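Undergrad: Provide a 3D model corresponding to the input given below.
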Amino acid sequence: MASSLEKAASTRRGVLGVVGVLLALAVWQALPAIGLLPEGDVPGALAVLGALVSLLDSGEFWNAVWATLAGAGLGFLIAVVAGVAIGTLMGAVDLIGSALGPAVEFLRPVPGVALIPVAILIFGPGLSSDVALVVFGCVWVVIVQTIYGVRAVEQVAIQTATSFRMSHLNRIRYVQIPSALPFIATGMRIASGIALIVAVTSELVAGNDGLGSSIALAQSSGRTEDMYAYIVTAGLLGILAHFAFGGVERRLLHWHQSQRAAA
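TA: Model prediction:
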């Protein structure tokens, strides 16, 4: 019975999501048609979708997609590994948390795109600078979420581990990190969106290969419909990343109350 209710709720959410997308496309199509937006600068949704379909046969399009995914993906993976390690140490060891806390709070609000000139000077134009910027843009949210997760462990669990004479390292490994996994998963899902934003912006400003540089090239050459098609592609990649991480999170953390409540 519960399973059928969950399926019905999931189906309802899916239908509502499709309806919302169709309404957004209808509004997009209507605004230039009725003159509220200049059609030369903002083509209708159907024209942009047609341009996107045409681009699917282009090797240039897929090279741009791959370049963006490579920069965003590599930077994201490095940020997750570093963020979880640093966040775990800061959350579990007060001395490290106190020592690194001010630096994290100072650097966390700095947008990764603000460091594009620095990244280009250090790493040069190309994939390395994109990866470095993505790492900088993503690592802070993973660190903060991991810290919160490690510190949110119930004291009963810590006291139980202590009563069994578990070492501090084993308490971190077997108690605090498992309890922090929902927080870490949330940080990863947020960071995946940030990774795409930083990667595309870096390509747009620095001219590195990817969707960002393709958007700039299409705009400068007057291919407005192609420009919007590349923008839509970036948005679709963000949606795919969101759903992919959501699915992995539900499978790996099905035991946690947050997933049972969401279901």
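Undergrad: From the contact counts, what lies against the one helix or strand Val53 maps to?
TA: Val53 belongs to helix 45-55 when assigned by DSSP states H and E. If you count contacts as 3 or more Cβ pairs under 8 Å, 6 or more residues apart in numbering; DSSP states H and E, helix 45-55 packs onto helix 2-33, helix 224-252. (Glycine included, C-beta is placed from N, CA and C.)
Undergrad: Now do the same for Gly137: its pLDDT.
TA: At Gly137, the pLDDT value in this model is 92.
Undergrad: Pretty sure it sits against Ala195.
TA: Yes - under the criterion of Cβ atoms under 8 Å, Gly137 makes contact with Ala195 at 7.0 Å.
Undergrad: neighbour-wise, which of the two wins?
TA: Ala195 (32 against 27; other Cβ atoms under 10 Å).
Undergrad: Show me which helix runs longest in this structure.
TA: helix 59-92 (DSSP state H).
Undergrad: Would you confirm that Val200 contacts Gly212?
TA: Yes - with contact defined as Cβ under 8 Å, Val200 reaches Gly212; the gap is 4.3 Å.
Undergrad: can you list residues touching both of the two?
TA: Common neighbours of Val200 and Gly212, counting by Cβ atoms under 8 Å, 6 or more residues apart in numbering, are Thr68.
Undergrad: so where does Leu36 fall, helix or strand?
TA: Going by DSSP H and E, Leu36 is not part of any helix or strand.
Undergrad: Tell me, what's the model's pLDDT at it?
TA: The score at Leu36 is 79. That number is its pLDDT.
Undergrad: swap in Ser128?
TA: Looking at Ser128, its pLDDT is 89.
Undergrad: got the angle between the helix or strand harbouring it and helix 59-92?
TA: Assessed by DSSP H and E, Ser128 sits inside helix 127-151. If you take axes from the mean of the first three to the mean of the last three Cα atoms, to 10 degrees, helix 127-151 sits at 30 degrees to helix 59-92.
Undergrad: chain center to helix 127-151: distance?
TA: When C-alpha coordinates are averaged (Cα atoms, centre = their mean, to the nearest Å), helix 127-151 and its chain have centres 11 Å apart.
Undergrad: Remind me what that helix packs against, helices and strands.
TA: Counting by 3+ Cβ pairs under 8 Å, 6+ apart, helix 127-151 packs on helix 59-92, helix 94-107, helix 116-123, helix 177-206.
Undergrad: any idea of the mean pLDDT in the helix holding Val53?
TA: For helix 45-55, the mean per-residue pLDDT is 91.
Undergrad: ok, now stretch 91-99?
TA: Per-residue scores along stretch 91-99 average to 90.
Undergrad: how about that stretch: buried residues?
TA: Using 16 or more other Cβ atoms under 10 Å as the test for burial, stretch 91-99 gives Gly91, Ala92, Gly97.
Undergrad: Now for Gly83: which residues touch it?
TA: Residues counted as contacts of Gly83 (Cβ under 8 Å, 6+ apart) are Cys138, Val139, Trp140, Val141, Val142, Ile143, Thr146, Gly187, Ala191.
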